[in-house]
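Undergrad: pasting a predicted model and its sequence here:
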Amino acid sequence: MRRTELVFERPERVFAHEPPEVRGRARDDVRLLVTRPDGQHHARFEDLPRFLRAGDLLVVNESAAIPASLPAEGSLGPILLNLCTRFRSDLWIAEPRWSAGKPGPLPIEPGEELRIGSATARLLAPYPGIPRLWFALADRPFESMIAEYGGPIHYGYTDAWPMETYQTLFSRVPGSAEMPSAARPITPRIREQLEQAGVRIAPILLHTGVSSLEIETDTVEAQAMYPEPFAISADTADAVNRTHMNGDRVIAVGTTVVRALESAWTPEGLRPRTGFTRLFVNPDSGVRSVDGLLTGFHDPVTSHLALLTAFMGIDRVRDAYAEAIRAGYLWHEFGDSHLVIRQRDR
């Protein structure tokens, strides 16, 4: 697939600039666009159980967001260092940025030192194939800097909000640089309705890195990916496999869940697995582990959009996004939701 195929025009009026709670609404008071083989359907998020059925399995990410944006000062003056992937307490992949609204890459050289409060972090080398990311080595655990100086990663279209704004009902294990936001509208009320409808829920864990990176290669499939830690338990693997065997549907809540499941998929089904994944789910690789995807609306020319294209095909993505823009659905982590159900081909 060519990079240009993931380009689309999107007016700024569809950006969600604040959480629905700030607009005087509940978390689950957002819209839901449902894309099925028979076309597009407009709904509210509280209607989600109506589009699912008894026996369906929702797979959710239990990772909790951390305040991973650190104010730093170096030879270029004040910048941000947004943490991405943890290897050990003093070594992370990180993204140096001019500001929340102005990304890099920055004109820095290996060995650049950044002051973060009383701590020092040294940028060792750029991550291969992704020049905006660097290996960062600190003189003390990054966890201490996160606790003292960290704030939520956010971008130019929205302000920083209190950290609880970035947690979901399923957030249990701290570690994500950014919120796995697809589950954000699932409130206790929605979960109870799902359970009453016979829909089951199973967890995975994937600590997400920064989401701001665009695909930079001319061919989508050639894009490098940074690693993210993930874990799939034996119980979840068994639940996914039994759901498929019974002819029921597995619905991933978020692209992070798809990435984790695809990273542990084998010809014999899903297997328990723990480690790092650099898997880039794209139209060439396809999606084998799920029958549906509950997600948000994704930016042009990003890995998230490439994953959606792998799941539903570029023509259906274009049709759905054209309808979403026409109808005024809201983009980004505080925006509206998109449920995609595809025809089973197994």
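TA: That came through, no problem.

Undergrad: only C-alpha atoms from now on, for both contacts and neighbour counts.
TA: OK.

Undergrad: quick check: residue 144 is in a strand.
TA: No: judged by DSSP: H, G, I helix; E, B strand; the rest coil, residue 144 forms no part of a strand; its state is helix.

Undergrad: got the confidence number for it?
TA: With respect to pLDDT, residue 144 scores 97.

Undergrad: who's in contact with residue 174?
TA: Contacts for residue 174 (Cα atoms under 8 Å, 6 or more residues apart in numbering) come out as 63-66.

Undergrad: how about residue 88?
TA: By Cα under 8 Å, 6+ apart, the contact set of residue 88 is empty.

Undergrad: now it: how far from residue 112?
TA: From residue 88 over to residue 112 the distance is 20 Å, taken as Cα to Cα, to the nearest Å.

Undergrad: pretty sure residue 114 is touching residue 120, no?
TA: Yes: contact criterion Cα atoms under 8 Å: residue 114 and residue 120 qualify, at 5.6 Å.

Undergrad: of those two, who's got more company?
TA: Using other Cα atoms under 10 Å as the criterion, residue 114 and residue 120 rank with residue 114 on top: 25 against 20.

Undergrad: which one is the more buried one nearest to, not counting chain neighbours?
TA: Closest residue to residue 114 apart from its sequence neighbours, by Cα to Cα, 6 or more residues apart in numbering: residue 74 at 4.7 Å.

Undergrad: of the contacts of residue 174, closest to residue 23?
TA: Ranked by distance to residue 23 (Cα to Cα), the contacts of residue 174 are led by residue 65 at 22.5 Å.

Undergrad: name the nearest residue to that closest one, ignoring sequence neighbours.
TA: residue 176 (4.5 Å).

Undergrad: where does that neighbour fall, phi/psi-wise?
TA: Backbone dihedrals for residue 176, given as degrees, to the nearest 10, come out at phi -80, psi 130.

Undergrad: per-residue pLDDT, it?
TA: The model reports residue 176 with a pLDDT of 98.

Undergrad: on that earlier part again, distance check, the residue nearest to residue 114 against residue 239.
TA: From residue 74 across to residue 239, the span is 49 Å (Cα to Cα).

Undergrad: okay, these two: which has more neighbours?
TA: Higher neighbour count among residue 74 and residue 239: residue 239, with 19 against 16, using other Cα under 10 Å.

Undergrad: can you tell me the closest non-neighbouring residue to that one?
TA: residue 202 (7.4 Å).

Undergrad: the one you found against residue 57, yeah?
TA: Yes: Residue 202 is in contact with residue 57 according to Cα under 8 Å; the separation is 7.1 Å.

Undergrad: what's the overlap in contacts for these two?
TA: Common neighbours of residue 202 and residue 57 (Cα under 8 Å, 6+ apart) are residue 239.

Undergrad: more neighbours: those two, which one.
TA: In this view residue 202 and residue 57 are compared by other Cα under 10 Å, and residue 57 has more residues nearby, 26 against 18.

Undergrad: could you list the low-pLDDT ranges of the chain?
TA: Where the chain drops to pLDDT under 70, the residues are 212, 344-346.

Undergrad: mind giving me the domain ranges of it?
TA: 3-65+162-341, 69-149 (automatic domain parsing).

Undergrad: now those domains in TSV, with distance to residue 155?
TA: Shown next, in TSV, are the domains of the chain (distance: least, Cα to Cα, whole Å):
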stretch	distance to residue 155
domain 3-65+162-341	8
domain 69-149	5
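
Undergrad: hang on, the earlier thing: check contacts around the residue nearest to residue 114.
TA: Contacts for residue 74 (Cα under 8 Å, 6+ apart) come out as 112-115.

Undergrad: which residue ranges form the strands in the stretch 201-346 of the chain?
TA: Secondary structure of the stretch 201-346 of the chain (DSSP state E, counting those that start in this stretch): strands at 228-232, 250-253, 265-266, 269-270, 273-277, 292-295, 337-341.

Undergrad: and residue 173, how far is that from residue 57?
TA: Going from residue 173 to residue 57 by Cα to Cα gives 21 Å.

Undergrad: let me redo that: residue 318
TA: From residue 318 to residue 57 the distance is 27 Å (Cα to Cα).

Undergrad: quick one: the strands in the stretch 51-200 of the chain?
TA: For the stretch 51-200 of the chain, applying DSSP E, counting those that start in this stretch gives strands covering 57-61, 63-65, 69-74, 77-88, 91-97, 113-116, 119-127, 130-138, 173-176, 200-206.

Undergrad: great, nothing more from me.
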